[in-house]
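Undergrad: any chance you can model this:
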Amino acid sequence: MHGTVTERKRVLVIEDEPDFAALLKYRLQQKGYEAILAFDGLSGLEEASHCRPDLIVLDLMLPRMAGLEVCRILRSDSAMKHVPIWIMTSLDSISHKASAYRMGAGGYYTKSNQLPDLLRQIDVALFQCQAAADATLWATEEFVTWLAKEILAGPAQEPEVDDRWPD
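TA: Here you go, the predicted structure:
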């Protein structure tokens, strides 16, 4: 039997501007995602460890801990290092983008004009994560089914050995 358990994907938004955070949360919920908000870097790290998000949207300019430091810490955490992190910030310099990618960000978007792009990429990233999970589940189910059949079949018959040399 092959089936997938599709649960609502969880997106953690770490953003200190309440209006922008609310807008992003609303747009994510419209798309069917669960959106969780944190308003500073330290709270974002705490929330990430509690809610285990499927994807993180991270601002770079945050109180209590800068976004790049949050990204670095998340990437060093074995439980969080594979969670996609998408930067959404008002900083638009090449050096900020390069730093974010070096710290492990999967995407970099500016608040001024790239919100639709960010939302599309969130869809793509979460679809890819679900597809990979489905493939793993399918492969595991197939292997378990095969193994169960082998066990139920009992020990394999020893093949008859013809110990005569060919003429």
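
Undergrad: so for stretch 28-38, mean pLDDT?
TA: Averaged over stretch 28-38, pLDDT sits at 95.

Undergrad: now do stretch 97-116
TA: Per-residue pLDDT over stretch 97-116 has a mean of 86.

Undergrad: which non-adjacent residue is nearest Ala22?
TA: Leaving aside its sequence neighbours, Ala22 sits nearest to Leu37 (CB to CB, 6 or more residues apart in numbering; 8.0 Å). Bear in mind the C-beta positions are built from the backbone N, C-alpha and C, glycine included.

Undergrad: Thr110 is in contact with Thr89, isn't it?
TA: Yes: counting by CB atoms under 8 Å, Thr89 is a contact partner of Thr110 at 6.6 Å.

Undergrad: more neighbours: the two, which one.
TA: Thr89 (21 against 17; other CB atoms under 10 Å).

Undergrad: number of nearby residues for the closest residue in space to that one that isn't next to it in sequence?
TA: Leaving aside its chain neighbours, Thr89 sits nearest to Leu60 (4.3 Å; criterion: CB to CB, 6+ apart). When counting by other CB under 10 Å, one arrives at 22 neighbours for Leu60.

Undergrad: which of the helices or strands spans Leu60?
TA: Here Leu60, judged by DSSP states H and E, is contained in no helix and no strand.

Undergrad: residues touching it, list them.
TA: 66-68, 87, 89, 91, 96, 100 (CB atoms under 8 Å, 6 or more residues apart in numbering).

Undergrad: what about 7 Å?
TA: 66-68, 87, 89, 91, 96 (CB atoms under 7 Å, 6 or more residues apart in numbering).

Undergrad: try Cys71
TA: 58, 85, 100, 103-105.

Undergrad: as CSV, those with neighbour count, distance to Val124 and secondary structure would be great.
TA: What follows is these, written out as CSV (neighbours: other CB atoms under 10 Å; distance: CB to CB, whole Å; DSSP: H, G, I helix; E, B strand; the rest coil):
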residue, neighbour count, distance to Val124, secondary structure
Leu58, 26, 18, strand
Ile85, 26, 15, strand
Ala100, 23, 18, helix
Met103, 19, 21, coil
Gly104, 16, 18, coil
Ala105, 22, 15, coil
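
Undergrad: turn the residues you listed into a markdown table, columns for distance to Ser76.
TA: Converted to a markdown table, those look like this (distance: CB to CB, whole Å):
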| residue | distance to Ser76 |
| --- | --- |
| Leu58 | 15 |
| Ile85 | 12 |
| Ala100 | 16 |
| Met103 | 10 |
| Gly104 | 9 |
| Ala105 | 14 |
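
Undergrad: re earlier: which single one of the contacts of Leu60 is nearest to Ile14?
TA: Nearest to Ile14 out of these is Gly67 (CB to CB; 7.2 Å).
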